[in-house]
Each structure stands twice: as structure tokens, then as C-alpha cells.
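Colleague: Using only what follows, build the 3D model:
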Amino acid sequence: MADIGTHIALDSDENDSTYGDDSASDTTSLKSAIYNYVYRNGRRYHAYKEGAYWGPNDELQADQLDIMHHICLLMMDGELCMAPIGENPMRFRG
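Modeller: Now for the predicted structure:
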């Protein structure tokens, strides 16, 4: 068993290759990238990290997802989950 009182020195090498070449993060240009779309076969797809989400990002897709959500609520008598949570949940175990 490890000794809890042992101090381990941390590496302070910020030039590690895992940090990347630039200091810009993925969200630096997110504001302008949010409005970039790709149109294929008459459907709109999001261009940010293209291919990460397979489905279209247009009104027709949003309507289809809303209908599916409504169907699930009807099948589950208006409940969002079927787990027996109780009246006053204090802790969840996973």
C-alpha cells in the first residue's frame, strides 16, 4: 500500500508535446465557427469539427427529434426515467 505522507514532485515542463504548438484553445474561434454550416442534398450540417455528429442540423431534424422525445414521453407515461429514485435522493451510486 502506498505511503500517504509521501510527496511527489510535479513536472513543470510546459513545453511538452502534449500541449500542442499554439496557445489557442479549441474554443478560441468557436464564436465564428458556430455559424458555419455545410449544405448537402438540401440538408444543413454543422461544420465545426465536421463529421463528429452524423445527423443534419436543420429544422427538419429538430422537428424529428422533438417528435421522438414526445413519443418516448408517451410510452413512459410522462416520466423521463424509470429508475426508482424516491422522494428525497441524497446520493447516487454508479
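Colleague: Flag every buried residue along stretch 57-69.
Modeller: Neighbour counts over stretch 57-69 (16 or more other C-beta atoms under 10 Å) mark no residue as buried. (C-beta placed from N, C-alpha, C; glycine too.)
Colleague: tell me the average confidence for it?
Modeller: Mean pLDDT, stretch 57-69: 93.
Colleague: residue boundaries of the helices in the chain?
Modeller: Along the chain, the segments classed as helices by DSSP state H run 30-33, 59-75.
Colleague: any low-confidence regions in this protein?
Modeller: 1-5, 7-34, 48, 51, 92, 94 (pLDDT under 70).
Colleague: could you list every residue that touches the residue lying closest to Leu60 once chain neighbours are set aside?
Modeller: Among residues not flanking Leu60 along the chain, Arg43 sits closest, at 7.3 Å (C-beta to C-beta, 6 or more residues apart in numbering). Residues near Arg43 by C-beta atoms under 8 Å, 6 or more residues apart in numbering: 56, 58, 60-61.
Colleague: From Lys49, how far out is Arg43?
Modeller: 18 Å (C-beta to C-beta, to the nearest Å).
Colleague: do Gln64 as well
Modeller: From Gln64 to Lys49 the distance is 22 Å (C-beta to C-beta).
Colleague: Check Glu87 too.
Modeller: 42 Å.
Colleague: between those two, who's got more neighbours?
Modeller: Lys49 (9 against 4; other C-beta atoms under 10 Å).
Colleague: ok, that one to Cys72 distance?
Modeller: Taken as C-beta to C-beta, the span from Lys49 to Cys72 is 28 Å.
Colleague: again, but for Val38
Modeller: Val38 is 29 Å from Cys72, by C-beta to C-beta.
Colleague: ok, now Leu80?
Modeller: 9 Å.
Colleague: Might one say that Tyr53 is in contact with His46?
Modeller: Yes. Using C-beta atoms under 8 Å, Tyr53 is in contact with His46, at 6.6 Å.
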